[in-house]
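**Q** no sequence on hand, only this structure:
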């Protein structure tokens, strides 16, 4: 990624103004690195009066759900034993870690080198830098501090304090890998603020934070001077602004604090607006980042409120819109879409992260702070939501929120087709209640304009679940660093439930976080009725071959049948290889017989579920599970983990036909189908590709 070619491609995406600003940043960073900051003392601009952040109010503990509290304390106990899972990798040394070690590769990132001289993209230098950075976000320390606040047990506070002292001693400002990315500094500041708040009653907390004055000043100084800008003004810019705002509100200890607070509030307002569609969805077209930036916005807004400098009403309205959108796109179990990249980034961790319900925790906080509308599924109680609501007890409910669950978000190109389905509470009382069919359709912009860093080449892809179980799955993300082939696969067109032409992605990749040419996708029509729901979209990513791809997805509600019709329109007579993939969820098994597949899986109640899948008859269909050469048939349940799953792959050749159109029709039926003759499938103008023999 740090090759000359990548740098040239990256520069081409920047404006002259952005390039000039980045050069200025590098010059100043280099100057700061030369001056050095050791030993770290109290900065000259530090004020004599250094109060702690606004404390949690009396009675806040009474707001915490006992089960959520017990889960958090159990997570803190795991930390005391040295165990903490980081991006799918269990660390066993978190009580006394090497802050620079990548546990996957064994590479130790630089700790003393001047930060501007470190290329964190060079894995020979830093290893898997995500692994190195993640522990230094100090989410495990907020869990320990929260356990102390809940229990009063000294051991949790002492361990959290030891972690802070260890990190501060090992990380001289402007030296080492932890000073190479502003987002990391922003998230650390949020963690440090909440550790201080939660340790308010611990006798050693003032002495502890007296040792951290220099680090707090340097972190804020860095973020104020070097914000992510231009093509990098995505979730990184929001995290930087949120961190600077939280710290400058909680620790107004410096002569610069008021200016930093004003700067951060303006940055946060502007970057949230730039990164959010009017519908409330995030412009990065990556569901996990929608949660991440919404969480950051809520945490920062609460801190500003508690400090007496609230954010403007327009920002609270945007946050309410974002949590409403998050509630609307979730399935009946509360699971969100798996669109685009997702690395499980958190703004603040005050619950057991191993529960795997970060989306629900964000919704719980949103409901507590902005109010939940009547169509929301009830959020799961969380410690974080209780504490945030205690800090900002007045709900900031916008007046123009929808009184019905929206299914289509036209500016984001997302539509969710769905049948009625019983929620968690209803299923407990009526096991025979109907199970939701949930289908996400995608024809939105290819990520945030500029480099679309976290978008996938997934135009017109679908994601289908029954009662929360992945049937046609988005395989996820798996990794950012450490394995270029796996990164390429999981963001490729082939890795999504859509069509690949010519053996290439719809959009053109310039690197692991860079797209140099983006497919243009548009929603052409949406119809939502009681018995029938239809979505129509197209994309022009294959215009380089003179081909347009249209897709129609129809949900027959009474019949519980999902039909997908793909139309390939060629402006010229051409022959192109076609690959059409349907990725099944990891719980689903498939018995493939020609162009007919019988699907089986266990429902949430453990009972057998079945569906039949009629595939386009003009393609040669094969089944693939857990293959590595080439990579095919995988599902990533969380960042850093992958498991085998079945991919149904249809291959053929786009051939000249009268009128230039090719139709490919698929039908997924969630009722029993006795024979393929019961299905009406159009004859297709496709030449099958021969399946290689075993010889």
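**A** Yep, it's here. Just so it is clear, the structure is predicted and the values come from calculations on it, not from any experiment.
**Q** who's in contact with stretch 91-107?
**A** Taking C-beta atoms under 8 Å, 6 or more residues apart in numbering as the criterion, the residues outside stretch 91-107 that touch it are 79-80, 82-86, 89, 108-111, 123-129, 131-132, 135-136, 140, 159, 162-163, 166-167, 170-171, 176-178, 482. The C-beta positions use only the backbone N, C-alpha and C, and glycine is treated the same way.
**Q** which of those residues are buried?
**A** Of all the contacts of stretch 91-107 considered here, the ones buried according to neighbour count by 16 or more other C-beta atoms under 10 Å are 79-80, 83-86, 108-111, 123, 125-129, 131-132, 135-136, 140, 159, 163, 167, 170-171, 176-178, 482.
**Q** ok, which stretches of the stretch 351-500 of the chain are strands?
**A** Across the stretch 351-500 of the chain, reading from the start of the chain, the strands by DSSP state E, counting those that start in this stretch fall at 408-409, 414-418, 437-442, 462-466, 469-472, 499-501.
**Q** tell me the most buried of those strands?
**A** Ranked by mean neighbour count, those are led by strand 437-442 with a mean of 27 (mean count of other C-beta atoms under 10 Å).
**Q** stretch 596-612: which residues count as buried?
**A** Taking 16+ other C-beta under 10 Å as the basis for neighbour counts, the residues of stretch 596-612 that come out buried are 596, 597, 599, 601, 609, 611, 612.
**Q** cool, stretch 89-102 as well?
**A** Neighbour-count burial for stretch 89-102 flags 91, 94, 95, 97, 99, 100, 101, 102 (criterion: 16+ other C-beta under 10 Å).
**Q** cool, stretch 314-326 as well?
**A** When burial is assessed from 16+ other C-beta under 10 Å, stretch 314-326 yields the following buried residues: 315, 316, 317, 318, 319, 320, 321, 322, 323, 324, 325, 326.
**Q** contacts only, for the third one.
**A** What it means is residue 317. Residues in contact with residue 317, defined by C-beta under 8 Å, 6+ apart, are 398, 400.
**Q** and it, that's in a helix?
**A** Yes. With DSSP: H, G, I helix; E, B strand; the rest coil as the criterion, residue 317 is part of a helix.
**Q** what helix or strand does the residue nearest the centre of the chain sit in?
**A** Geometric centre of the chain, nearest residue: residue 288, 1.9 Å, by C-alpha atoms, centre = their mean. With secondary structure defined by DSSP states H and E, residue 288 is part of helix 287-306.
**Q** got the contact list for the residue nearest to residue 531 when sequence neighbours are not counted?
**A** Here the nearest residue to residue 531 in space, its sequence neighbours aside, is residue 557; by C-beta to C-beta, 6 or more residues apart in numbering that works out to 5.1 Å. Contacts for residue 557 were tallied using C-beta under 8 Å, 6+ apart; they are 419, 530, 531, 532, 533.
**Q** quick check: residue 469 touching residue 603?
**A** Yes. Taking C-beta atoms under 8 Å as the definition, residue 469 is a contact partner of residue 603 at 6.5 Å.
**Q** need the residues touching each of these two.
**A** residue 609.
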